[in-house]
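Student: Sequence first, then the predicted structure, then my questions.
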Amino acid sequence: MNDGPADGSENSRPAVKDDSFHSATAPLRFHVYVFVMLIIPALFLASSIPIVRSASFPWESGDPFLLNPDYPFSLKHVNCDVVIYGDSTALTGLDPTVVSRATGLKTCNIAQSRSIVEILGTLALDTYLQNNAPPKFIVMQFAPETLSRDKSNFFWPEGLTLLLRKRSVIEALPTFIRHPAQAYDFAIWAIKAKVTSFIRPSADFASTQAIFRSRGGVLILPKPPETHCVNNIAYVQPSADWVHRLKDRYSSDRTRVLINVSPLPSCSPIASLVAEGTRNVTDNPLSLYPIGFFCDLDRHLTLEGAERASLELAAQLSAGTRP
Amino acid sequence: MLFNSPEFLFCYLPIVLLGYAILGKFGRAAVVSWLAFSSLAFYAYWRLEFVWLLVGSITVNYACSRVIWHFRGRSKSKLTVLTLAITANLATLAFFKYLFPLIHFIDDTLGLQAQLANVILPLGISFFTFTQIAYLVDLSQDTADPQDLISYVLFVTFFPHLIAGPILHHREIMPQFAKGRDFQLRWRDIALGLSWFTLGLCKKVLLADRFAPYADSAFAHTAHLTMTGAWIGVLNYALQLYFDFSGYSDMAIGLARMFSIEFPFNFDSPYKATSIIDFWSRWHMTLTRYLTLYLYNPFAMWANRRRAARGKPNSRKALRTAGGFGSLVAFPTITTMFLAGIWHGAGLQFIVFGVLHGIYLTVNHAWRIFRREGSILSRVIARPGVCVGLTFLAVLIAQVFFRSASTRNALDVVAALIGQHDIGFAELRNQPPRAFLFVLALPVIWGFPNTQEILRQVSTVRPSIFGSGRLVLWRPNWFWASSLGSLLVAVLWYMTDTSSFLYFQF
């Protein structure tokens, strides 16, 4: 009689351990073995720190938002009348030369990508204000999702890069410990970028860089116009408290602060919700543009789109300067 | 929380090990409580609300175990409580696992198009339910001892096995948590456990997830599969499933070993099996043991008694008669595997998978009993290449049903496999080279020692086509430490796009 549905002859093979190998070779002490085994991946992950801090990494990363991470910190005594700050929608959507031409006000754009804003807060703006005279206007523009303060499922390569470049490892450590998955993804991303840069040349951002320099800080991505909406991020209510706190913090007798929501394509599925949700929160109404004005993720504008958004801002500023 | 996630590797595991090391100085109660708490936290990380289901299940079953123990010597009362407990467990399982799929099936079949709710399947519900049922059954039969609450909680929830097994038997685990043992971290066990875990992680991240896209692609378009595409998909799936689940089992065994807890093996080179009977003694071994102990044996015993009551013999000779074979072998085997199929999921394809294996096993038993020794067919099938190949082929066909979204899809794949659709030679050129990685992987599976053999956890290493296999046996030396450390680097490289484990859905 069989013992079960699978009473194979091999079934009863005993699980007797073979300890003889201890004497057969020159074994490491077990704690040295564990140390050697773990130090290799630990060093591998740690290698991302010098990689990220190297001078060439912003170019090697292939990330256009890292092309000019030090720009806001390099502006000293430029004393702009209008300082544009915010996330990547401001960086890619507001052209200082257009605003200057339309308003006669000297304009700088020191916006950074959202992840830098999330990680380093307003460090770039604070540094600018320390090194320059107070501006007449600070214009902060954010995408709807940045206004919402919802950070779930958000990957922060640019922010963590700048954190490691601007702060010591000890200072950066708490952020990495609080977000282990993000820290791991970031380390692998940085190492992969470095390895990739050895294998093939980095993406050509020459035109992007040329526009950035000639137009005082607007970053136009080297991408063709979009033909349809692709971004399906769910709508989350903007955080009015955060917006008001931000405004109070930077407003003064000499400086007026405007906090704007970035334009969306008219095909955006959350357009009506954003328009409604930001009505009493931001200083501008939501603008809807044709999808062809966008070149990336329904958020980042083409040169043509940036010109239109900049003219809208100029009109808003002109209205604000009238007696 | 996945074993192959940064949260687990860089936060959870180091914290639990550190807590174990510190609390180990305060004795058993502190360590067992810490591990039980950590395991519940591990489960809560997935969805906090389902911790209450797990806690409820443990509370009810523990209470039943105390009542059963209280009624020892009074078999009728014990049986009543046991029946109630099993019913409650199976009802919970049925609610979460089968009720809504069944309602949806009826809705689809009848075309009612009703707006039906759905329910999320709690992770590991099958595993923690069956573990507890087995304990209650054994307790009622006086083959298990009563446990204090915290030990029982840890037995059920210990995080390495909580989500997808191995299915533990209380007799092999409870003594390891018992009083009298030293609850200190042992470097030897950490070294072995870490090595075991790393090999499992490599199986999952470096192998299973590489095969997955080609399997997924084939099974997503079953109606348009060519013969070539079907074989590529089915072979990739066979390797994905094996490396995924055996990788998970290796990780679980390795994790437990870091705490000096020994888990039973769950895989033993199943694709080297020389028969289907041999296959089930190597594939998901703890499930096979569970099925044998708690389904097959009771069915076989019932059939034996029934025949005896009718005055029919149950001897070895009786097995050679059609009636004897049918009631003593075919009936318990097919019934057991039918239920095993249902356990794997709510869907006709899982039932077909189970019944198919039941038929395979029955044919295998029939072959053993009725074959003519020395015949040409016997000699041909006994050749290693033939019997391993035939077994693998049979397993592949059953896996088509296991993987497919429906029986219709599975039949499409089977039809494609046997050339009912286009042959599709062009796919040999159109598929990327990675789709043919199985050509390299299969000889490794058939030729190399398995994880427990590599780690010297069995007394003998079976000879392979690559010789004795001695060259790849683990030693705690510089070579192995640096090699496994380098493999961990490769895992980290690929882990960013790693998927969940296949057996989480059960």
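Tutor: In hand now; what should we look at? Just so it is clear, the structure is predicted and the values come from calculations on it, not from any experiment.
Student: Number of residues surrounding the residue lying closest to B:Ile167 once chain neighbours are set aside?
Tutor: Nearest residue to B:Ile167 in three dimensions, chain neighbours excluded: B:Thr286, at 4.2 Å (Cβ to Cβ, 6 or more residues apart in numbering or on different chains). Any C-beta I mention is one placed from the backbone N, CA and C, and that applies to glycine too. For B:Thr286, the count of nearby residues is 22 (other Cβ atoms under 10 Å in any protein chain shown).
Student: what about B:Thr286, distance to B:Leu207?
Tutor: To B:Leu207, B:Thr286 is 22 Å away according to Cβ to Cβ, to the nearest Å.
Student: Surely A:Arg308 and A:Pro290 touch.
Tutor: No - in this structure A:Arg308 lies outside contact range of A:Pro290 using Cβ atoms under 8 Å: 9.8 Å.
Student: Return the distance of B:Phe100 relative to chain A.
Tutor: 25 Å (Cβ to the nearest Cβ, to the nearest Å).
Student: element containing that residue, please.
Tutor: Assigned by DSSP states H and E, B:Phe100 belongs to helix B:100-110.
Student: centre of the chain versus the following helix or strand past that helix, how much separation?
Tutor: Next helix or strand after helix B:100-110 toward the C-terminus (DSSP H and E): helix B:125-140. Mean C-alpha position of helix B:125-140 versus that of the full chain (Cα atoms, centre = their mean, to the nearest Å) differs by 16 Å.
Student: isn't B:Leu428 right next to B:Gly229, touching?
Tutor: No - contact criterion Cβ under 8 Å: B:Leu428 and B:Gly229 do not qualify, at 9.8 Å.
Student: what about those two, which has more around it?
Tutor: More neighbours surround B:Gly229 than the other of B:Leu428 and B:Gly229, with 28 against 12 (other Cβ under 10 Å).
Student: distance of the more buried one from B:Ile397?
Tutor: 16 Å.
Student: three-state assignment of the residue nearest the centre of chain A?
Tutor: Of all residues in chain A, the one closest to the mean position by Cα atoms, centre = their mean is A:Ser115, 3.0 Å from it. Here A:Ser115 is recorded as helix under DSSP: H, G, I helix; E, B strand; the rest coil.
Student: Not including adjacent chain positions, what is the nearest residue to it?
Tutor: A:Gly159 (3.5 Å).
Student: Quick one: list the elements packing against the host helix or strand of the one you found.
Tutor: Assigned by DSSP H and E, A:Gly159 belongs to helix A:157-166. Applying 3 or more Cβ pairs under 8 Å, 6 or more residues apart in numbering or on different chains; DSSP states H and E, one finds that helix A:157-166 contacts helix A:48-53, helix A:114-120, helix A:169-178, helix A:180-199.
Student: Would the longest one count as contacting chain B?
Tutor: What it means is helix A:180-199. Yes - using Cβ under 8 Å from any Cβ of the partner chain, helix A:180-199 reaches chain B at A:Pro180, A:Ala181, A:Ala183, A:Tyr184, A:Asp185, A:Ile188, A:Trp189, A:Ile191, A:Lys192.
Student: about what we covered before: any idea how far the residue nearest to A:Ser115 is from chain B?
Tutor: Counting by Cβ to the nearest Cβ, the gap from A:Gly159 to chain B is 18 Å.
Student: State the number of residues packed around that residue.
Tutor: Neighbour tally, A:Gly159, other Cβ under 10 Å: 24.
Student: How about B:Ser57?
Tutor: Neighbours of B:Ser57 (other Cβ under 10 Å): 20.
Student: what does B:Met258 give?
Tutor: If you count neighbours by other Cβ under 10 Å, B:Met258 ends up with 23.
Student: how about the closest residue to it other than its chain neighbours, what does it touch?
Tutor: Sequence neighbours aside, B:Gly193 is the residue nearest to B:Met258 in space, at 3.6 Å (criterion: Cβ to Cβ, 6+ apart). By Cβ atoms under 8 Å, 6 or more residues apart in numbering or on different chains, the contact list for B:Gly193 reads B:Ile253, B:Gly254, B:Leu255, B:Ala256, B:Arg257, B:Met258, B:Phe259.
Student: quick one: low-confidence ranges for the stretch 351-500 of chain B?
Tutor: Within the stretch 351-500 of chain B, the ranges that satisfy pLDDT under 70 run B:461-471, B:497-500.
Student: do the same with chain B
Tutor: Applying pLDDT under 70 to chain B flags residues B:113-117, B:461-471, B:497-506.
Student: So which residue of it lies furthest out from the middle?
Tutor: Here chain B reaches farthest from its C-alpha mean at B:Gly311, the gap being 39.6 Å by Cα atoms, centre = their mean.
Student: mind checking how far it is from A:Leu164?
Tutor: Using Cβ to Cβ, we find B:Gly311 at a distance of 84 Å from A:Leu164.
Student: show me what contacts the residue of the stretch 151-300 of chain A found nearest chain B?
Tutor: Closest residue of the stretch 151-300 of chain A to chain B, Cβ to the nearest Cβ: A:Tyr184 (3.8 Å). Residues near A:Tyr184 by Cβ under 8 Å, 6+ apart: A:Leu45, B:Pro6, B:Phe10, B:Leu492, B:Met495, B:Thr496.
Student: Any chance of the residues you listed in a markdown table with neighbour count and distance to A:Gly62 as columns?
Tutor: A markdown table is the format used below for the contacts of A:Tyr184 (neighbours: other Cβ atoms under 10 Å in any protein chain shown; distance: Cβ to Cβ, whole Å):
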| residue | neighbour count | distance to A:Gly62 |
| --- | --- | --- |
| A:Leu45 | 19 | 20 |
| B:Pro6 | 22 | 23 |
| B:Phe10 | 17 | 26 |
| B:Leu492 | 20 | 20 |
| B:Met495 | 22 | 21 |
| B:Thr496 | 15 | 16 |
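Student: Tell me which two of those residues sit farthest apart.
Tutor: By the measure Cβ to Cβ, B:Phe10 and B:Thr496 form the most distant pair in those, at 13.5 Å.
Student: the helices in the stretch 151-300 of chain A, which residues?
Tutor: Taking DSSP state H, counting those that start in this stretch to define them, one finds helices in the stretch 151-300 of chain A at A:157-166, A:169-178, A:180-199, A:206-214, A:240-250, A:271-277.
Student: Just give me how far the lengthiest helix in chain B sits from the chain centre.
Tutor: With secondary structure taken from DSSP state H, chain B has its longest helix at helix B:227-258. Remark: helix B:227-258 is offset 11 Å from the chain centroid, using Cα atoms, centre = their mean.
Student: So for stretch A:268-282, what gets flagged as buried?
Tutor: Using 16 or more other Cβ atoms under 10 Å in any protein chain shown as the test for burial, stretch A:268-282 gives A:Ser268, A:Ile270, A:Ala271, A:Leu273, A:Val274, A:Ala275, A:Gly277, A:Thr278, A:Val281, A:Thr282.
Student: That concludes my questions; thank you for your assistance.
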